[in-house]
Every structure is written in structure tokens, then in C-alpha cells.
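K.L.:
This is a predicted model, with the sequence first.
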Amino acid sequence: MRHNQSQPAAVRYAMPGVVALLAILALVPVQWLGWTRPLATLETVLVAPISQPLREVAVWLAPATRDAPPEAIAELEARRDELLATLRREQAENRRLRETIRELQSGRAIRSPVPVRQVLAPVIASQSDPSGASLTIRAGLNVGLTDTTVATVRGTQLVGRVRRLGATTSMVVPITSRQHTAVQGGVVVEPDGREEAVLLECLLLPVGDGRLRGDVEFDSATEPEVGMEVVLRDDLWPESAQFLIIGDVERVEPDPEQPLRKVIFVQPRVDDLRRVSEVVLRIPELASGSEGGGS
Amino acid sequence: MNWLAFAVVAWVSLGLELGLAEALRLAPGDIGPSFVIPLATWIGLRASPKHALWAALLLGLLLDLGWTVALRDSGGLSNIIGPYSIGLFLGVNLVLAARGYVLREHIVALAVMSLLCAGATQVFVTAILTLRNAYDPIAWQAGDELTARGASALYTCLLALLLWLPFRGVEPLMAFPRGPIARRYG
């Protein structure tokens, strides 16, 4: 005790002071914690020489997709999915243009399709916390990322939207993590004898086990079935992300409360989106403000 | 305690934690182990109380910075400083209180104390985030979190069994005090 009193006050009160400061910070509202971002980025960069090689080895040992097809087939499938997404985007654009022509008299401007640049970025770290949702990628403002950039696998399977843009790193929250908000999707139904596919709208929420779950309204001609593709159709997301694949319908259940609706479970084409080793970033070539997609 | 050796071991532990988090996660759930909490526990078992508590605060701060919480409305992310720092500080306090009753160098002591430390830390983190949920727009469900974090604490306990040997290997570099040491504050 006497020994403690002989210490300078700064030393004696340093630990209680730090603990008190941390206790206050633990309760400070998040809008006042923006200053922590550079510190978190610095930590990620400092730890990357260890975390990235380890992550690559781990992903090699336990890949994100089990029973993955051979590389050549996977490439062809990705190309097919990309072309399908482009086709659907063009069909939607056609519909929109037809509507726009009708509305031209009211003076509305025509939005042109957004050209997209694709950049490959390695995932360098995950989160230390069990519920930590985001992946840290080695790409940031240095490669021209904007807040309308979305991360994908092979350019077709949606992973999530890019958040917390830093100079050289950014974060992506996978759509399947429990912390992700709902996404609006469309179940692609291709009825016989019709030229265009029909989209059944659904609001999908992450289940927490790598899948998404949502209600679908349907009629007798267009019913959701297992194996059908589900694509993104969400106005809160950038135009360049529309029609990217969310996954395939894995299970369909009747909705006990609403007989005209069914509950679907959607499984992304990558078994676990949090285990991907790299992502393909789709960066709209226009300025971020002109592409829409709120939040 | 040799703080330079501590910095290197902390750096490697955090690298392991961030690099192997997804690989070791019981996929596709949210149950994953921690490499940093067994390190704090090990220091809590071997170092002087003052050094152990400072180490806990520093390691907790690293964990706080290595974790982002999703925001409900904007879909953004935010770091929250404090929950892990204070949680690990409390956890190591428990280790300091209990270390006089265990064989500090034994592998089981590290595992059991890691469970105690991880459990206390995770309960504190859950409590703070649940409290924040009342006024902050964070995506947080206390029930799910507590279950996942309880299971993660058990997983951390198992991992501590594997970490005992590497910890013993670097022990000479850490320059821990020899002989009987105080259980709590000196």
C-alpha cells in the first residue's frame, strides 16, 4: 500500500483512468465513433501479412464451394450466368424504355445502362468476433471503388455491397450474414410458350445458416419450385447489381398464415459466402451519385 | 514481462484469429474460437497482476478494432471501442482471482481458465451491445448472440488445449516472474 502511494499520481491512476475511458467509449453512440475507422484500417493492414496467407491456406483446405465443378466448366457456367443476367437486364431495359417513350412528354430524362468495370480483389481477413459479419478485401479508393460497388463471385453470384471504403482496403457484408438487412429478389419462372421470364417478387432475409428465407406471392401459372433461380431486384441496390444471382430455391413451404403465398429458402451457389478467397468487384463507370441505389 | 515479445505474440495471435476465423467457424453458423483470449488467459496465469491487466486491456482493444457491428438502417458498419477491452479486463481479473487455486502451468488450467475468461468476456460484450441496442441502430439479437458466444467460449477452451504447447515454447521470451506470484493486485 505504502509502495503504491509512493508512485506518481499519473501512474497510480493510469489504469483506472483507461478503464473508465473505455467504459465511457463502450456506451458512446455509433455516430460519434467515426474516428475509430483509421485505427481499425491500420490494424487490418498491420495484421494482413499473417492473416492473408493463413486465409488463403484455409480456403484452399476448406473451399467455399464443396464439390466444385472443374475450372473449365465453372468458367463456362459463370459466362452463361453472366449472359443470362445481361439478357434479363436488357429485357428490363427494353420494358423501361418502352415506358419512357410513353412518358417522354412529361419531360423525364432517359437513364442509360451503366457500364461496369470488374476488378478482382483478394479477401485478406475476416472478423475476430463470432457475429462479425464482414470480409476485409484488399481494394479501396486506390482502384476506384465507390459506394455503389458490389462484390460478386465470378461476376455473377452476389456476395454483398462494399462498405467502409478505405484507401487500400474495404469491407463487404455478405447478404447471408445475420447482420445483413433484407434484400428484394425475384424468383425466375420461365413459363412454357412465353418469350420472357416472369419474376416473382420476394423479400429475403438471412436465416443465419448461409441461406435466405422469404415469402413469395404466386398464382397457379407461375408457382415457385425447387431449383429455380433467384436474382436481385432491389431498388435500394445499384442498377449495375440488378439481376445478379442471389441463389437457387432450395425448399418451398406453404405459408400457414397466407394461402396465396409460399415461403422459400434460397441457397447461394457458393455454399458459404463468408469463405470466399477473392471477390470480383463490379464498379460502375459513372460517378457514384448518378447510379442510384440508396443507403 | 517482456513487452516486445508480447507485441510479437499478440500480432501473431491476432493474425491467426483474423486469418483462420472463417476456416475454424462451425460452418455455416456463428460459432468460432478465439486465439487472443487464450493468450490473455495465459498471461493472466503467468504474469504479474498489473502486467496481466494492461495486456488484457491492449488485447481487448485489438479485438474491438478487429470487429465491426452492422448498422440496421444504413447497412453500414461501425467499430465499437470498449466491449472487448473491458470484457477481457474483467475476464483476466477472474483468472487472477482463481489462479492461486490451479496448477498454473498445467494444460487443463489454461483450457479451463480460457473458458472462464472467454465466458466472462462474451457475457459482458453481449450485455453492452444489448444495452446499446436500446439507443443505437445496431443489428443485434441478444438471445442468438448469447447462444453463439457461449458455444464460442467452449470452442475457445478446446483451442486453448492446442495453444498450450506453443505458449510454453515462447514462455522463455516473455520473461514472466519466477516463483510464487500474487493472486490479485499487489
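P.N.:
Nice, thanks for sending it over.
K.L.:
Run a quick neighbour tally on residue A:260.
P.N.:
For residue A:260, the count of nearby residues is 10 (other CB atoms under 10 Å in any protein chain shown). (Glycine included, C-beta is placed from N, CA and C.)
K.L.:
Write down the beta-bridge partners of the nearest residue to it once chain neighbours are set aside, one by one.
P.N.:
Counting by CB to CB, 6 or more residues apart in numbering or on different chains, residue A:217 is the residue found nearest to residue A:260 once chain neighbours are left out, at 6.2 Å. Residues in a beta bridge with residue A:217, per DSSP bridges, are residue A:261.
K.L.:
Please look at residue A:217 and residue A:263 and confirm they touch.
P.N.:
No: between residue A:217 and residue A:263 there is no contact under CB atoms under 8 Å: 11.4 Å.
K.L.:
would you put the C-alpha positions of stretch A:250-262 in PDB?
P.N.:
Taking C-alpha atoms only, stretch A:250-262 is exported to PDB below (Å, rounded to 0.1, in the frame of the first residue of the first chain):
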ATOM      1  CA  GLU A 250     -33.700 -24.900 -52.100                       C
ATOM      2  CA  ARG A 251     -37.000 -25.500 -50.400                       C
ATOM      3  CA  VAL A 252     -40.600 -24.300 -50.800                       C
ATOM      4  CA  GLU A 253     -43.100 -24.400 -47.900                       C
ATOM      5  CA  PRO A 254     -46.700 -23.300 -47.700                       C
ATOM      6  CA  ASP A 255     -47.200 -20.100 -45.700                       C
ATOM      7  CA  PRO A 256     -49.700 -21.200 -42.900                       C
ATOM      8  CA  GLU A 257     -50.900 -17.600 -42.400                       C
ATOM      9  CA  GLN A 258     -51.300 -16.600 -46.100                       C
ATOM     10  CA  PRO A 259     -52.600 -19.200 -48.500                       C
ATOM     11  CA  LEU A 260     -51.600 -17.100 -51.600                       C
ATOM     12  CA  ARG A 261     -48.000 -17.000 -50.500                       C
ATOM     13  CA  LYS A 262     -45.200 -19.600 -50.200                       C
END
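K.L.:
Identify each buried residue in it, please.
P.N.:
Buried residues in stretch A:250-262, counting neighbours by 16 or more other CB atoms under 10 Å in any protein chain shown, are found at A:250, A:252, A:261-262.
K.L.:
on that earlier part again, out of residue A:217 and residue A:263, which sits in the more crowded spot?
P.N.:
Applying other CB under 10 Å to residue A:217 and residue A:263 shows that residue A:263 carries more neighbours, namely 18 against 14.
K.L.:
Which elements pack onto the strand or helix carrying the more buried one?
P.N.:
Here residue A:263 sits within strand A:261-267, counting by DSSP states H and E. Using 3 or more CB pairs under 8 Å, 6 or more residues apart in numbering or on different chains; DSSP states H and E as the contact test, the elements touching strand A:261-267 are strand A:212-217, strand A:245-254.
K.L.:
what residues does the longest one touch?
P.N.:
So the one you mean is strand A:245-254. In this structure, residues lying in contact with strand A:245-254 by CB atoms under 8 Å, 6 or more residues apart in numbering or on different chains are A:81, A:85, A:156-158, A:175, A:183, A:185, A:187, A:204, A:211-212, A:224-232, A:262-269.
K.L.:
Can you report how many residues lie near residue A:16?
P.N.:
9.
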